[in-house]
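*Asks:* build me a model from this:
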Amino acid sequence: MRYGGERFQALWTACDGYKRAKEKHRLMPTRYECAAPFCRFQTMKGRQLKRCAGGYPPELKSSYCSKACQPRDWAK
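*Replies:* Below you'll find the model as predicted:
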């Protein structure tokens, strides 16, 4: 039984969800942050970023926060 029992159940559930999200970020960091240089956009949900459609494996595909950031990354 966790500390606080039923009283803190919602808090423990939220904490577990956060830990799962952090683990997903660790395994696929390119899915949760914009790949464009000087853009520091990060998100907890990968669907907020657009992914490249190339034939690369999912863990290597770049993600961008907008169409404007994509060409900035291509220049490098």
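
*Asks:* tally of neighbours for the nearest residue to R31 once chain neighbours are set aside?
*Replies:* Nearest non-adjacent residue to R31, counting by CB to CB, 6 or more residues apart in numbering: G46, 4.4 Å away. (Glycine included, C-beta is placed from N, CA and C.) Residues lying near G46 (other CB atoms under 10 Å) number 16.

*Asks:* ok, G46 to Q9 distance?
*Replies:* 28 Å (CB to CB, to the nearest Å).

*Asks:* go on, L49?
*Replies:* 32 Å.

*Asks:* pick out whichever of those two has more residues nearby.
*Replies:* L49 (21 against 11).

*Asks:* list the contacts of that one.
*Replies:* 31-34, 41, 43, 63-65 (CB atoms under 8 Å, 6 or more residues apart in numbering).

*Asks:* for PyMOL, what selects the buried ones among those residues?
*Replies:* Selection command for PyMOL covering only the buried members of those, criterion 16 or more other CB atoms under 10 Å:
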select buried, resi 31+32+33+34+41+63+64+65
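
*Asks:* including distance to R20 and secondary structure, could the contacts of L49 go into a markdown table?
*Replies:* Shown next, in a markdown table, are the contacts of L49 (distance: CB to CB, whole Å; DSSP: H, G, I helix; E, B strand; the rest coil):
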| residue | distance to R20 | secondary structure |
| --- | --- | --- |
| R31 | 14 | helix |
| Y32 | 13 | coil |
| E33 | 18 | strand |
| C34 | 22 | coil |
| F41 | 22 | coil |
| T43 | 15 | coil |
| S63 | 19 | strand |
| Y64 | 25 | strand |
| C65 | 23 | coil |
